[in-house]
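**Student:** Provided below are the primary sequence and the corresponding predicted coordinates.
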Amino acid sequence: MAKATIWPVVHAERKALAADLAGIGDDRWAVPSLCSQWTVRDVVAHMTATAKISPASFFPRLVGSGFSLTRLQKKDIAANRGSSPSEALSLFESVITSEKGPPGPPETNLGETLVHANDIRRALGIPHDYPTDAVITIADFYKRSNLIIGGKRRVTGVTLKATDVEWSNGSGPEVSGPIMTLVMAMTGRKQVLDELAGDGVAVLRQRP
């Protein structure tokens, strides 16, 4: 996937997520997402905050949070949750076309969007067809990167094999399943492991 096409995909996927969220009741915003300890509303607020950060503003804000990314994220979520689910959605809609983000390669923004959108949709039972090229791009990114996510470390020593596209990685006990499910496993979402097959699944269960 060409890097020049990443932002249009990010914008389209944010727009699609906003449309899905517009159709749920207020009570559904409190459902736990697949992202540890965050509700659906928390994840949306995090996505909003991430789309407002620039590389220049990130480091001063990290310093102000005592060099704790977790503390920074908590502050950002609190600031972008809104006073109601409808306001949280409105805040998210305001950054749909943003091309800001923390320092890092453009693939991080793509992964942030697709993975967190899936954290939300899986929790709410909302189906969505993610663009294949985009999912393969982030799978290729996570398999070689330990930046924050720790994807490379998590899947070392197993073979990942997609069952819906031509994609595989690594060597060792096999883990097979749809490419988006493999991506979620690469990012540490243990909730998806029951949907995967192969002896390598047991290996992933033991890894943080």
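**Tutor:** Ah, there it is.
**Student:** what's downstream of the longest helix seen in the chain, the next helix or strand?
**Tutor:** As assigned by DSSP state H, the longest helix anywhere in the chain is helix 106-124. For helix 106-124, the succeeding helix or strand toward the C-terminus, using DSSP states H and E, is helix 132-143.
**Student:** packing partners of the very next helix or strand once past that next one?
**Tutor:** Next in sequence after helix 132-143, counting helices and strands by DSSP H and E, comes helix 151-155. For helix 151-155, the packing partners by 3 or more C-beta pairs under 8 Å, 6 or more residues apart in numbering; DSSP states H and E come out as helix 132-143, helix 179-186. Glycine gets a C-beta too; all of them are placed from N, C-alpha and C.
**Student:** show me this structure divided up by domain.
**Tutor:** 3-124, 132-205 (automatic domain parsing).
**Student:** among the helices and strands packed on helix 151-155, which is nearest Val192?
**Tutor:** Counting by C-beta to C-beta, Val192 lies closest to helix 179-186 out of the helices and strands packed on helix 151-155; the figure is 4.5 Å.
**Student:** could you say which of the helices and strands packed on helix 151-155 is packed most deeply?
**Tutor:** Among the helices and strands packed on helix 151-155, the stretch with the highest mean neighbour count (mean count of other C-beta atoms under 10 Å) is helix 179-186, at a mean of 25.
**Student:** what angle separates that helix from helix 132-143?
**Tutor:** Computed by axes from the mean of the first three to the mean of the last three C-alpha atoms, to 10 degrees, the angle separating helix 179-186 from helix 132-143 equals 20 degrees.
**Student:** following helix 179-186, which helix or strand comes up?
**Tutor:** Proceeding N to C from helix 179-186, the next assigned helix or strand is helix 200-205, under DSSP H and E.
**Student:** got a list of contacts for that following helix?
**Tutor:** Residues outside helix 200-205 that contact it (C-beta atoms under 8 Å, 6 or more residues apart in numbering) are 154-155, 157-160, 172-175, 185, 190, 193, 196.
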